[in-house]
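Undergrad: Next come a sequence and a model predicted from it.
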Amino acid sequence: MSLKVGLHTGQQNIEMDELRKVWRYADDNGFDFISVWDHFYEAPPIDGNSPAFESIAAMATLAADTKNARIGCHVFCMTYRNPALLANSIMTIDHVSNGRVELGIGAGWHVAEHTGYGFPFDSPRVRSDRLEDGIHALRMLFTEEVSNYSGEFYELNHAKLYPRPVQERLPIVVGGRGERRTLPTAARFGDGWNVAYITLEEFGRLNGMLDALCEENGRDPADLERSVNLHMRMGTNAEHAVRIERERGAIDGSASGTPQQVIETIKRYQAAGAARVSVAIRPPVEWDALHAFVEEVMPALQ
């Protein structure tokens, strides 16, 4: 089976026109999936002064600017997003995109955003409980004509979501690497699991845990799609790759080196269980490297 290849774009320190240019290029050149992230401040945290565009509005723009790739957010923070409001936003974007949306959702981790905007930054247990509660509410809204739900954090009273999403089953993808709660949540309730910037060895280990968790819950592990995001550190040739590493720094969970080295890296993640690998670009966009990825790397992965 050919590997799905995505492009992950953090909408930080970049002009909207440039970001939209990247989205259109990816959509026109065979990327299976294009995603944004859900941050108000820069990630990883610095001082809160980096400009960053909001994710729902960005994702709606992405939907309108593209026509081929599936689209999503890796991942929305449950603390920031009331599930009923989020369901309405995603349903609307699903219609804009003609049924190309995937909903990524996670427990959240960015302390400065929570503190600065007045969202509660609870313990890992409470944030994980909130995530599961929100997933239950979201799934009900997406699948039921009328939803009644009473959870610890969220409540639905004869709630309706009209119009219905375009997709009969809109995928919910659980994001994160937490072994005690996030992976079990993905195995029980997710259509997919996404993890970012993780070494090959760690990805393989967690993927094996997910297989076991699915089996414990009476679920075929093949029904849970696995995806990983890797930092884009590729150069057009060896000299260019060295320059990029010198300027941007070496980092775990990256697609780095020459195009052939990146092909080999991505194929290793595929062999470890990834159905989709998304390369994550950060500005300034290395357009020559992105062109080389499309022209040299992607054909080798089909």
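TA: Arrived safely, thanks for sending.

Undergrad: contacts, neighbours, all on C-alpha from now
TA: Fine.

Undergrad: Off-centre distance for the helix or strand of the chain with the lowest mean pLDDT?
TA: The least trusted helix or strand in the chain, going by mean pLDDT, DSSP states H and E, turns out to be helix 238-248, with a mean of 93. Relative to the mean C-alpha coordinate of its chain, helix 238-248 is positioned 26 Å out (Cα atoms, centre = their mean, to the nearest Å).

Undergrad: So residue 184 is in contact with residue 211, correct?
TA: No. Using Cα atoms under 8 Å, residue 184 is not in contact with residue 211; the gap is 10.4 Å.

Undergrad: For the least confident helix or strand of the chain, output the C-alpha coordinates as PDB.
TA: Provided in PDB are the C-alpha atoms of helix 238-248 (Å, rounded to 0.1, in the frame of the first residue of the first chain):
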ATOM      1  CA  ALA A 238      24.200  17.500   0.700                       C
ATOM      2  CA  GLU A 239      25.600  21.000   0.800                       C
ATOM      3  CA  HIS A 240      22.100  22.600   1.100                       C
ATOM      4  CA  ALA A 241      21.200  20.000   3.800                       C
ATOM      5  CA  VAL A 242      24.200  20.900   5.900                       C
ATOM      6  CA  ARG A 243      23.300  24.600   5.600                       C
ATOM      7  CA  ILE A 244      19.800  24.000   6.800                       C
ATOM      8  CA  GLU A 245      20.900  21.900   9.700                       C
ATOM      9  CA  ARG A 246      23.400  24.600  10.700                       C
ATOM     10  CA  GLU A 247      20.900  27.400  10.400                       C
ATOM     11  CA  ARG A 248      17.900  25.600  12.000                       C
END
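
Undergrad: contact partners of that helix?
TA: 233, 234, 235, 256, 257, 258 (Cα atoms under 8 Å, 6 or more residues apart in numbering).

Undergrad: before we move on, what about stretch 203-212?
TA: 177, 179, 183, 184, 187, 221, 226, 269, 272, 273.

Undergrad: could you redo the last one with a cut-off of 7 Å?
TA: For stretch 203-212, the surrounding residues in contact (Cα atoms under 7 Å, 6 or more residues apart in numbering) are 183, 187, 221, 272, 273.

Undergrad: List just the nearest of those residues to residue 165.
TA: In terms of Cα to Cα, no member of the contacts of stretch 203-212 lies closer to residue 165 than residue 187, at 23.7 Å.

Undergrad: Count the neighbours of residue 31 for me.
TA: Neighbourhood size, residue 31 [other Cα atoms under 10 Å]: 20.

Undergrad: same question but for residue 249, I mixed them up
TA: Residue neighbour count, defined by other Cα under 10 Å, stands at 10 for residue 249.

Undergrad: Please tell me how far it sits from residue 268.
TA: 22 Å (Cα to Cα, to the nearest Å).

Undergrad: For residue 119, see how far away the residue most central in space within the chain is.
TA: Centroid-nearest residue in the chain, with Cα atoms, centre = their mean: residue 74, separated by 2.1 Å. The spacing between residue 74 and residue 119, counted by Cα to Cα, is 20 Å.

Undergrad: repeat for residue 77
TA: Distance from residue 77 to residue 119, by Cα to Cα: 11 Å.

Undergrad: Of those two, which one has the most company?
TA: Ranked by neighbour count (other Cα under 10 Å), residue 77 and residue 119 place residue 77 first, with 22 against 13.

Undergrad: Grab the nearest non-local neighbour of the more buried one.
TA: Spatial nearest neighbour of residue 77, chain neighbours left out: residue 108 (4.8 Å); criterion: Cα to Cα, 6 or more residues apart in numbering.

Undergrad: For that neighbour, which residues are in contact?
TA: Contact analysis of residue 108 by Cα under 7 Å, 6+ apart lists 77, 78, 79.

Undergrad: can you pull up the bridge partners for the first one?
TA: Okay, so that is residue 77. Bridge pairing for residue 77 (DSSP bridges) gives the partners residue 106.

Undergrad: a strand runs through residue 102, doesn't it?
TA: Yes. Counting by DSSP: H, G, I helix; E, B strand; the rest coil, residue 102 is found in a strand.

Undergrad: Pipe the contacts of stretch 203-212 into TSV and attach pLDDT and distance to residue 284 per row.
TA: What follows is the contacts of stretch 203-212, written out as TSV (pLDDT from 0 to 100; distance: Cα to Cα, whole Å):
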residue	pLDDT	distance to residue 284
183	98	34
187	98	37
221	97	39
272	97	31
273	97	31
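
Undergrad: PyMOL command for the buried members of these?
TA: Buried subset of the contacts of stretch 203-212, written as a PyMOL selection, criterion 16 or more other Cα atoms under 10 Å:
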select buried, resi 183+187+221+272+273
